[in-house]
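Trainee: coords below, sequence missing:
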């Protein structure tokens, strides 16, 4: 029997407890031992829970219990999760978390403590919810040089964009629908401004390239500026707009990482990932493109990924699983303005098409009423910005600009 | 240093050797030890190989070498692969194979020998080439009751069907193109008659449901009877035709397994998997649908999956990885004629639509010239066959029938 504790009894935490209880027999036959929930930490009370008597409000009860070998952190946020996780690891307990904010902010340090203490720190559920991605990527990485990882990493924004694309809804209406359906929080900033997706691509980038990438080092744009006009022009060019987290390794050994809306071509596997689903593409030198798709959030999908990690920790109480990256200082990341991409521009003004062609060189363009949309050739963002200024100098009004994803 | 041997130096075998040599540093940093190719077994000679001196034509040299702890079997076919693998396992060596024929025919026995000898028998590359599937499925399985696995498991047939669907090519022309491009063998029977896909769904079914499923127990249809008329009618109904291997668990605890062409709805993630790519959907009670997509064959994708297994074996020389299923006698599989599905029927004859409606009840139908295509409600295949006979009794000629995949 392995005793575990669960810190947090919210959506994911209650799902973890539920799976550990309802799938007890299956887990037993997989592990050869029972997984016993000894304590659940939450400030609230749950008198109707089948394990009501095991709730505690006191973290020290978990920390000081030598029988508890694996601790699940599903509280979310940095405080007190960071402090609790660190102390659990230092006390020789393995920790499993679904907390992407924690992993993105402190992953390198926590992995390093886990290594020192010869315990495991695992976080499959922090990216892609129920989609196996951390483990398969580790596997892909073994015999591959991964060159690029790109994904639709946030279900809320993908749901909103899908409603705009498929049903012609305005952004605000689609957001409200997402909130009504429980896909978006009442304060949706972390989702719609791209921070959630950014944390996840940071975790994948750290794993893929071996150095921690902090969210502050990553240029992040959300989807609040996307309009139905952009959606329709994109379609006319053969693209859909998706919020993409993407990191690629450049020939100079540095990485180019960004979170931003992108025009994704219809033929890309990522273009077909709709509604609240997530999809992640890993491009290896041997495997080629491998794509993982599924529900990126939700109680049971996320909880099942947590439980898979718990089982792995229970199997490896005395041996560390290989999962590690070093700390990073951002010096391996290029300035986002040096990143090269083709661009989509929507603009208006007398003779916009001719002026745009003079400024950008060869373009594809589509006109609709007063507005012109165009696709440029590839250029650095720095070049693009100065060309945009030049175009505005010619009296053209730029209404929106979006990167084109080569994914 | 861990010494390994590779049996077979064909497409995959030479890829394995290449990755072990070119990715040496990466593998070393992942494993903390060097992987040394001590012997390569092949009847041919490869004087230009960088490891030419390590080739042998004598299997006993590998079997008798106590330093060789991991053996890679990439010869293909059952003989002598089965005998060699069995003897290697019994000699206490872990074995990694990409040989789906071997795993589908003898997986349970070889897993059981590996268990007795406390070594590993691994076969990630036997399904889906470079797509991680065996390991992620094992992970999904830990905290999920998997209810269904369905996939496009053969790249050759998917390429042929894609050419028929996208370019309106006839089956024979698409097959010839696949052969010219190296996607299809000169004798394409194993692919186009569905046997290759059948072996792979057998492996996934064995893994998912814990009992070996032998290919002989699985009803298998290929794609040789699919015509452009079927492709076009399918599109009119909102479907594409794909060769699907599918297994699902029924409420009575038995499994329903088949390999056959199916009409897959446009909205299914599997409908967008084109050309030589593979895609596999795993449906869990907690995760929901998870889809894995990538190149299902090819030298380096397959070899990189083999190498990932080799590394895993090297890490676990003294501990078995959990991967096991029991032998099966087919008693857990329902008769394929009892399997329930909606059906597509193409037919011709005076008053076919009215007669079909009388026989099948409610149908959707589309007419094109003399031909009528229709979709029935769900029914057992047994019922369907008798209704088809009744329809033919009314003077209607049935030109083709295809299952509709609820995937």
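Mentor: Yep, that arrived. Note that the structure is a prediction, hence the values are computed from the model and not measured.
Trainee: do me a favour and get the end-to-end distance for stretch A:2-17?
Mentor: One end of stretch A:2-17 to the other measures 15 Å (C-alpha to C-alpha, to the nearest Å).
Trainee: buried residues in it?
Mentor: Within stretch A:2-17, the residues that count as buried by 16 or more other C-beta atoms under 10 Å in any protein chain shown are A:2-9, A:11-17. Yep, even glycine has a C-beta here, placed from its N, CA and C like the rest.
Trainee: first to last residue in stretch A:96-104, what's the distance?
Mentor: 14 Å.
Trainee: avg pLDDT for that stretch?
Mentor: In this model, stretch A:96-104 carries a mean pLDDT of 97.
Trainee: check which helix or strand residue A:358 maps to.
Mentor: helix A:352-360 (DSSP states H and E).
Trainee: listing partners with orientation, what would you give for the helix or strand following that helix?
Mentor: Reading on from helix A:352-360 to the C-terminus, the next helix or strand found by DSSP H and E is strand A:364-368. Strands that pair with strand A:364-368, judged by DSSP bridges, come out as strand A:371-375 (antiparallel).
Trainee: mind giving me the packing neighbours of the helix holding residue A:358?
Mentor: strand A:343-348, strand A:364-368, strand A:371-375, helix A:381-393 (3 or more C-beta pairs under 8 Å, 6 or more residues apart in numbering or on different chains; DSSP states H and E).
Trainee: number of residues surrounding residue A:109?
Mentor: 15 (other C-beta atoms under 10 Å in any protein chain shown).
Trainee: straight-line length of stretch A:143-157, end to end?
Mentor: Stretch A:143-157 end-to-end distance (C-alpha to C-alpha) = 34 Å.
Trainee: tell me the spacing between the closest residue in space to residue A:44 that isn't next to it in sequence and chain B.
Mentor: Ranked by C-beta to C-beta, 6 or more residues apart in numbering or on different chains and with sequence neighbours excluded, the top spatial neighbour of residue A:44 is residue A:9, at 7.0 Å. Using C-beta to the nearest C-beta, to the nearest Å, residue A:9 is found at 18 Å from chain B.
Trainee: and what of residue A:41?
Mentor: 21 Å.
Trainee: same question for residue A:218.
Mentor: When residue A:218 is compared with chain B (using C-beta to the nearest C-beta), they lie 25 Å apart.
Trainee: which residues does that residue contact?
Mentor: The contact partners of residue A:218, by C-beta atoms under 8 Å, 6 or more residues apart in numbering or on different chains, come to A:198, A:201-202, A:257-259, A:333, A:336.
Trainee: got the residues you listed as JSON lines, with secondary structure and neighbour count columns?
Mentor: Compiled in JSON lines, those are given as follows (DSSP: H, G, I helix; E, B strand; the rest coil; neighbours: other C-beta atoms under 10 Å in any protein chain shown):
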{"residue": "A:198", "secondary structure": "helix", "neighbour count": "30"}
{"residue": "A:201", "secondary structure": "helix", "neighbour count": "29"}
{"residue": "A:202", "secondary structure": "helix", "neighbour count": "29"}
{"residue": "A:257", "secondary structure": "strand", "neighbour count": "27"}
{"residue": "A:258", "secondary structure": "strand", "neighbour count": "24"}
{"residue": "A:259", "secondary structure": "strand", "neighbour count": "28"}
{"residue": "A:333", "secondary structure": "strand", "neighbour count": "21"}
{"residue": "A:336", "secondary structure": "helix", "neighbour count": "18"}
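Trainee: which of these lies closest to chain B?
Mentor: Of all the contacts of residue A:218, residue A:201 has the smallest distance to chain B: 19.4 Å, by C-beta to the nearest C-beta.
Trainee: check the burial of the residue lying closest to the closest one once chain neighbours are set aside by counting its neighbours.
Mentor: Of all residues not flanking residue A:201 in the chain, residue A:245 sits nearest, at 2.9 Å (C-beta to C-beta, 6+ apart). Residue A:245 has 30 neighbours, counted by other C-beta under 10 Å.
Trainee: enumerate every residue touching residue A:245.
Mentor: With contacts defined as C-beta under 8 Å, 6+ apart, residue A:245 is in contact with A:150-151, A:153, A:197-198, A:200-201, A:204, A:258-259.
Trainee: kindly reformat these as TSV containing pLDDT.
Mentor: TSV is the format used below for the contacts of residue A:245 (pLDDT from 0 to 100):
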residue	pLDDT
A:150	98
A:151	98
A:153	98
A:197	98
A:198	98
A:200	98
A:201	98
A:204	98
A:258	98
A:259	98
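Trainee: dump those residues to CSV, plus distance to residue B:365.
Mentor: CSV is the format used below for the contacts of residue A:245 (distance: C-beta to C-beta, whole Å):
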residue, distance to residue B:365
A:150, 43
A:151, 42
A:153, 43
A:197, 45
A:198, 51
A:200, 47
A:201, 48
A:204, 48
A:258, 50
A:259, 48
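Trainee: residue A:50: how many residues sit nearby?
Mentor: So residue A:50, with other C-beta under 10 Å, has 11 neighbours.
Trainee: make sure it is actually in contact with residue A:21.
Mentor: Yes - Residue A:50 is within contact range of residue A:21, at 6.5 Å (criterion: C-beta atoms under 8 Å).
Trainee: can you list the residues of the stretch 201-350 of chain A near chain B?
Mentor: A:269, A:272, A:284-295, A:298, A:300-301, A:303-305, A:307-308, A:311, A:315, A:319, A:322 (C-beta under 8 Å from any C-beta of the partner chain).
Trainee: ok so, going back, turn the helices and strands packed on helix A:352-360 into CSV, columns for mean pLDDT and mean neighbour count.
Mentor: What follows is the helices and strands packed on helix A:352-360, written out as CSV (pLDDT from 0 to 100; neighbours: other C-beta atoms under 10 Å in any protein chain shown):
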stretch, mean pLDDT, mean neighbour count
strand A:343-348, 98, 22
strand A:364-368, 96, 15
strand A:371-375, 97, 22
helix A:381-393, 98, 16
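Trainee: first-to-last residue distance for stretch A:67-83?
Mentor: 21 Å.
Trainee: and it, which residues are buried?
Mentor: A:68-76, A:81-82.
Trainee: in strands, which of those residues appear?
Mentor: In strands, judged by DSSP state E, the following of these are found: A:68-73.
Trainee: for those, work out which two are farthest apart.
Mentor: A:69 and A:73 (14.5 Å; C-beta to C-beta).
Trainee: which strands and helices lie in contact with the least confident helix or strand in chain A by mean pLDDT?
Mentor: Ranked by mean pLDDT, DSSP states H and E, the weakest helix or strand in chain A is helix A:134-142, scoring a mean of 84. For helix A:134-142, the elements it packs on are strand A:146-152, helix A:195-209, strand A:277-284, strand A:288-295, helix B:24-31, helix B:134-142, helix B:299-315, judged by 3+ C-beta pairs under 8 Å, 6+ apart.
Trainee: tell me what angle it forms with strand A:277-284.
Mentor: 20 degrees (axes from the mean of the first three to the mean of the last three C-alpha atoms, to 10 degrees).
Trainee: now do the helices in the stretch 101-250 of chain A.
Mentor: In order along the chain, the stretch 101-250 of chain A carries the following helices (DSSP state H, counting those that start in this stretch): A:134-142, A:155-167, A:171-180, A:189-192, A:195-209, A:228-237.
Trainee: how about those helices in TSV, adding distance to residue B:234?
Mentor: Output for the helices of the stretch 101-250 of chain A, formatted as TSV (distance: least, C-beta to C-beta, whole Å):
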stretch	distance to residue B:234
helix A:134-142	32
helix A:155-167	22
helix A:171-180	32
helix A:189-192	38
helix A:195-209	36
helix A:228-237	25
